[in-house]
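Enquirer: Provided below for reference: sequence and predicted model.
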Amino acid sequence: MYSRNSFNSNSRSRGNAPRRPQARSFGFGGGGGRATGRYGKKGPIDQHINPLKFVNKAVIVEEADCFVPEHKFQDFCIDERLKRAITAKGYSLPTPIQDKIIPHILAGKDVVGVANTGTGKTAAFLVPLINKVLLNKKEQVIIMAPTRELAIQIDQELKRFARGMGIFSVCCVGGASIGQQMSGLRYQNNFIIGTPGRLKDLINRKALRLANFSNVVLDEADRMLDMGFIGDMRIILAEMSKTRQTLLFSATICSDIEKVIGEFLKSPVRISVKTGDTPQSIDQDVVKVAHGHDKVDVLADLLIQKEFSKVLIFGRTKFGVEKLSKVLIQRGLKAESIHSDKNHSKRQSALNMFRSNRVQILVATDVAARGLDIADISHVISYDLPATFDDIHRIGRTGRGDKRGKALNFIG
């Protein structure tokens, strides 16, 4: 466990300036807060998480214990053009979720996929669905994601896989021009990817007709419930063909997710390759801010250290996230922020700057950053603890693939 004094040897000299009597508040935490709960209900933030649950040393897995897939991508019964596209992306062996679930999707079954963040869930459903469209260009797929960033990311991944195959898509998210989306929907599209709220708006405007859509993906289903999208999901699914293939992916399974599975899926195959709440490739620890020390000072002392090369920081509120990013910039650090109050173009600009290493730090609310695939993040810092320990999946933005990562959780 870290403490405030743990960083004195590597921090900037502060001279003999007196310490502040207490840390400043940036609107992130504090007792009595409330968080959005499943099905849009409000529930109390868990203020009593045992800090030791956030301490975990990364496990170095010996070669003999490494996952050995049953398949190679070339073994799957998929179109040769798709196989070439997969090879061109540098993939040969599927990840565990891809290895286990792709055969069932290819067989036309409903599936429930449970896996940690960063395990290749997007390709696990895109590969078999692209193949389905290649077999029949009349097939149409709708993919629902909780945030605009994740929807855009899925659309970009689809375009990379299906380049030159005559497959068309429209990405429908809030914050972007609904007029352009309505224009794109006038054409025949194989894939519609979007957030539930915008998709419902398009249905209400008669711009999106789903009667012929017989494939649906509910990605990050647990987060869509947390964000209160269950009503929109019901409206969208009611518009679809009754004979459909439904694929549900989630980082967690709880009683509310089970209700969704029972309501929307038919005899699904369940595939879980989750390795536990704390990914083994991530070295996780807590930073205890001693009484009388400033939380922002502690954070800044960390961020100037060389190993903190690309850092994702989570805060609880959009106000706090924005304010913290401005404070870090004032201290000479290269930082950006994403949260729901930022418009679409500004959020995309912040993400692109972080991806391309033009800024070192991205400060985000958990909702805004859900599911993002950003390479080479050295550290994930929870400036505020997550609302519940179940939200620990967010540290999976670091330590992706075969890389090790570090996660720090501020206490006090």
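Expert: On my side now, so go ahead. Fair warning: this is a prediction, and the values are worked out from it, not measured in the lab.
Enquirer: residues contacting the closest residue to residue 145 other than its chain neighbours?
Expert: Nearest residue to residue 145, sequence neighbours excluded (Cβ to Cβ, 6 or more residues apart in numbering): residue 151, at 4.3 Å. Yep, even glycine has a C-beta here, placed from its N, CA and C like the rest. Neighbour list for residue 151: 143, 145, 171-173, 193-195 [criterion: Cβ atoms under 8 Å, 6 or more residues apart in numbering].
Enquirer: do residue 104 as well
Expert: 111, 269, 271 are the contacts of residue 104 under Cβ under 8 Å, 6+ apart.
Enquirer: next structured bit after the host helix or strand of residue 319?
Expert: Here residue 319, judged by DSSP states H and E, is contained in helix 318-330. Next in sequence after helix 318-330, counting helices and strands by DSSP H and E, comes strand 335-338.
Enquirer: show residues contacting that next one.
Expert: Applying Cβ under 8 Å, 6+ apart, the contact partners of strand 335-338 are 149, 321-322, 324-325, 328-329, 347, 349-351, 353-354, 359-365, 368-369.
Enquirer: if you set the cut-off to 7 Å instead, what comes out?
Expert: Applying Cβ atoms under 7 Å, 6 or more residues apart in numbering, the contact partners of strand 335-338 are 321-322, 325, 328-329, 347, 350-351, 353-354, 359, 361-364, 368-369.
Enquirer: okay, now the closest residue to residue 217 other than its chain neighbours: neighbour count?
Expert: Excluding its sequence neighbours, the residue lying closest to residue 217 (Cβ to Cβ, 6+ apart) is residue 143, at 4.3 Å. Neighbours of residue 143 under the rule other Cβ atoms under 10 Å: 26.
Enquirer: and residue 143, bridged to which residues?
Expert: Judged by DSSP bridges, the bridge partners of residue 143 are residue 193, residue 217.
Enquirer: could I get the contacts of residue 151 in JSON lines, plus columns for distance to residue 252 and pLDDT?
Expert: Below are these laid out as JSON lines (distance: Cβ to Cβ, whole Å; pLDDT from 0 to 100):
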{"residue": "143", "distance to residue 252": "20", "pLDDT": "98"}
{"residue": "145", "distance to residue 252": "16", "pLDDT": "95"}
{"residue": "171", "distance to residue 252": "26", "pLDDT": "97"}
{"residue": "172", "distance to residue 252": "26", "pLDDT": "97"}
{"residue": "173", "distance to residue 252": "24", "pLDDT": "94"}
{"residue": "193", "distance to residue 252": "23", "pLDDT": "98"}
{"residue": "194", "distance to residue 252": "23", "pLDDT": "97"}
{"residue": "195", "distance to residue 252": "20", "pLDDT": "96"}
